[in-house]
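K.L.:
missing the sequence, but the structure's below:
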Ligand SMILES: C[S@@+](CC[C@H](N)C(=O)[O-])C[C@H]1O[C@@H](n2cnc3c(N)ncnc32)[C@H](O)[C@@H]1O
């Protein structure tokens, strides 16, 4: 079970980290900048950038620890919602929905439901990006939610695929050498 104190140490380790590379790649494909949603925003590593690029940003996370970072950032175009991924997808006009290293923390059924809700939550041309984990990812999550490439492609069905890439390699992380096995995805609603 991942506790508040586990998340706090993760947020502390991420304190000076730049925005996620996948988000930077995704922004090149975003055409409208009215509303972005950061699903599982954590300590706002990406939200900080999004508030400079979008008129409105909704940062969503179930952790009560996030409020402190929101208060510190004090961005007038930022709304923090302490809600789950599914509850956060109650909009119909997001130009970007970003879920960086966040989705594998819920179970497969919920991930399927999230992907089903995405097209309704995006504007035409809007983009959904994020990560899923493969079977050999070593990062601990409560539900051990793994996917195969075929499953990721099936989740993306109905959306235009800009990118689905599977990456498996040893990397030096903030907590030592780890085997990374992840899927990066960038999908567009047509
Ligand atoms: C590994 S962190 C990633 C944070 C940030 N996106 C980043 O890239 O550093 C995952 C985040 O997802 C949040 N989270 C986990 N389950 C969630 C859920 N069901 N709904 C919303 N947020 C959730 C956690 O509280 C945590 O902040």
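P.N.:
Perfect, thanks for sending it. All figures in this text were calculated on a predicted structure; none of them were measured in a lab. Numbers count the residues shown, from 1 in each chain.
K.L.:
and the next helix or strand past the host helix or strand of residue 38?
P.N.:
Assigned by DSSP states H and E, residue 38 belongs to strand 35-39. For strand 35-39, the following helix or strand on the C-terminal side (DSSP H and E) is helix 47-53.
K.L.:
residues in contact with that next one?
P.N.:
19, 23, 27, 30, 33, 36, 38, 41, 57, 59, 73, 75, 77-78, 96, 98 (CB atoms under 8 Å, 6 or more residues apart in numbering). Heads up, the C-betas are built off the backbone N, CA and C, glycines and all.
K.L.:
what pairs with the residue sitting nearest the centre point of the chain across the strands?
P.N.:
Closest to where the C-alpha atoms of the chain average out (CA atoms, centre = their mean) is residue 99, at 1.2 Å. For residue 99, the beta-bridge partners are residue 130 (DSSP bridges).
K.L.:
now do the strands in the chain.
P.N.:
According to DSSP state E, the chain carries its strands in the segments 35-39, 56-60, 78-81, 94-99, 122-133, 160-173, 176-188.
K.L.:
tell me the contacts of residue 145?
P.N.:
Residue 145 neighbours (CB under 8 Å, 6+ apart): 103-108, 111, 132-133.
K.L.:
can you list the buried residues in stretch 1-10?
P.N.:
7, 10 (16 or more other CB atoms under 10 Å).
K.L.:
show me how far it is from its chain's centre.
P.N.:
From the chain centre to the centre of stretch 1-10 is a distance of 18 Å (CA atoms, centre = their mean, to the nearest Å).
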